[in-house]
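Asker: Sequence and computational prediction follow.
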Amino acid sequence: MDDAGFGFASIVPPLAALALAIRTKQVHFSLLVAIWLGQTMIGDWSPLRGLVLSGDALVATFADDGRAKTILLSALIGAFLTFTQYSGGMAGFVSWLSERGWVTGRRSAGLLAWAIGTAMFIEANIGVYVSGPLSRPLFDRFRLSREKLAYVLDSTAASIATLVPINSWGAYLLSLIAAQGIAEPLPALVGSMPFNFYPILAVVLSLIVVWSGWDFSSMRRAEQRVRDEGKLLDDGAEPLVAAEVLMLETKVGVTPRASHMVVPVLAIVLTVLIVLFATGDGNPMRGDGTTSVFWAVIVSILTAAALYLARGVLALSELTECFMKGVGGLIPIVILLMLAFVLGDTCQQMGTGPYIAGAAEAGLPASVLPAALFLVSCLISFATGTSWGTWAIMFPIAIPMIELSGLHPGLTIGAILGGAIFGDHCSPISDSTIICSMAAGTDHIAHVRTQLPYAMSVASVSLIFYLALGSVL
């Protein structure tokens, strides 16, 4: 059966994953069932063939260079966490900030996480990998929920990468726009930035939340739990990172020093910049973001190991033990990322994105098309968990509409960009959402549940803007 032939059935696997995850709170199980269901449909509705195809799809995940690096990177982050904790780096960094009066309470802790996330626009996930380990001990200390940390990380990462596209994201977008016959893609992309309402509002709202402490819905309950009861996680929560990785105590006899944390973090940032320039032949916008972060974490781990050995903080045997403990503690997120990638591939095979787009685009007046494109992009990205895949689907559909229907170019492109970020921001099968849950040390479904009301609020306001401007521009 060809991709288009699945029709409505193509949205069943992602919907099943979402429903099962909410119902059972078992994300790995839910994704496995959804993958098997989708592959069963692809395999002519044979449950046994679906099982075989599911296994083949999981193995094929490692055939993609970028995905293999992302999966290995996620495991290596565990070693970074155990190194910086056992060496006293995290404890030293927290004390250093507090002694200088830079972070003295809930507001300043939240602002630090937000500032790091917005400053690291060179690659979407670098802000998550840096801000998460730096901010989590501060959030724990000042009784801010880990759900809120995950929300702040998620609200800044992909949003900033899209709003300041001097990175691999920008290069990808320019290539997609150019592929549609746009002679000058850069002015077209820059012209869409003021109309990219969802990421703009997401970044602004997250700043308001950390500054004012304004919480609502399930996030308010999470904040009350931590503030009133001192419970970092809800009853029954299952963080993606093992407790022995997140809560590793400083080695007995070692004096906590901020440099044991700061030096490895600086190694990450500098290596990302160097590799972006190297892989982009001098142009960081053309650099390979995944490769940059992958090597940055490796260099950071090696830098930390050399620093601790030189200072006599940790012995080689202790470094090896920390490394194995860290990598082993992140096996759950490695498996989760694999499953998320495979479900995304399954949706692509079944034509989930094109079906949603085709079902929504017919028969609409030009004045509501920008709003419709935004809404369809939201649905596709939420169902498939990918912003890049959503853009690849939507640009060939939407850009021809600019000339045919007389749509405003910036408004049209901005609607697609923002809608795709919505799913990247809050879909439970988005790799960005998964990584933010990991970096914050929280339960993944708890992160999705507490973040969704904020994301829906921002999406609703964005939709109103597109409806209003579609009638004016």
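Answerer: Done, it's in.

Asker: name the helices or strands packed onto the lengthiest helix in the chain?
Answerer: Criterion DSSP state H: the longest helix present in the chain is helix 444-470. Contact here means 3 or more CB pairs under 8 Å, 6 or more residues apart in numbering; DSSP states H and E; on that basis helix 444-470 packs against helix 12-24, helix 146-163, helix 197-212, helix 217-224, helix 369-384, helix 409-426, helix 431-440. Where C-beta positions appear, they are placed from N, C-alpha and C, glycine not excepted.

Asker: mind redoing it with 7 Å?
Answerer: Using 3 or more CB pairs under 7 Å, 6 or more residues apart in numbering; DSSP states H and E, the elements in contact with helix 444-470 are helix 146-163, helix 197-212, helix 217-224, helix 369-384, helix 409-426, helix 431-440.

Asker: Beyond the fourth one, next helix or strand please.
Answerer: Just to be clear, that refers to helix 369-384. Next helix or strand after helix 369-384 toward the C-terminus (DSSP states H and E): helix 387-404.

Asker: Output that next one as PDB, restricted to C-alpha atoms.
Answerer: Output of helix 387-404 as PDB, limited to C-alpha atoms (Å, rounded to 0.1, in the frame of the first residue of the first chain):
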ATOM      1  CA  SER A 387       9.700  20.500  13.400                       C
ATOM      2  CA  TRP A 388      12.100  19.900  10.600                       C
ATOM      3  CA  GLY A 389       9.900  17.200   9.100                       C
ATOM      4  CA  THR A 390       6.900  19.500   9.400                       C
ATOM      5  CA  TRP A 391       8.700  22.200   7.500                       C
ATOM      6  CA  ALA A 392       9.700  19.700   4.800                       C
ATOM      7  CA  ILE A 393       6.000  18.800   4.400                       C
ATOM      8  CA  MET A 394       4.500  22.300   4.600                       C
ATOM      9  CA  PHE A 395       6.800  24.500   2.600                       C
ATOM     10  CA  PRO A 396       6.000  22.700  -0.800                       C
ATOM     11  CA  ILE A 397       2.300  23.200   0.000                       C
ATOM     12  CA  ALA A 398       2.300  26.700   1.400                       C
ATOM     13  CA  ILE A 399       4.900  28.600  -0.700                       C
ATOM     14  CA  PRO A 400       3.000  28.100  -4.000                       C
ATOM     15  CA  MET A 401       0.000  29.500  -2.200                       C
ATOM     16  CA  ILE A 402       1.800  32.900  -1.700                       C
ATOM     17  CA  GLU A 403       1.500  33.700  -5.400                       C
ATOM     18  CA  LEU A 404      -1.600  31.800  -6.300                       C
END
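
Asker: what pLDDT, on average, does that helix get?
Answerer: Averaged across helix 387-404, the pLDDT comes to 83.

Asker: For residue 33, see how far away residue 77 is.
Answerer: Distance of residue 77 to residue 33, given as CB to CB, to the nearest Å: 27 Å.

Asker: Of these two, which one has the most company?
Answerer: Neighbour totals were compared for residue 77 and residue 33, and residue 77 leads with 28 against 18 (other CB atoms under 10 Å).

Asker: check which helix or strand covers the more buried one.
Answerer: Per DSSP H and E: helix 65-86 holds residue 77.

Asker: in that helix, what's buried?
Answerer: Across helix 65-86, burial judged by 16 or more other CB atoms under 10 Å covers 67, 69-86.

Asker: can you give me the angle the longest helix of the chain makes with helix 369-384?
Answerer: Calculated by axes from the mean of the first three to the mean of the last three CA atoms, to 10 degrees, helix 444-470 forms an angle of 170 degrees with helix 369-384.

Asker: number of nearby residues for the closest residue to residue 178 other than its chain neighbours?
Answerer: Leaving aside its sequence neighbours, residue 178 sits nearest to residue 185 (CB to CB, 6 or more residues apart in numbering; 4.4 Å). Residues lying near residue 185 (other CB under 10 Å) number 18.
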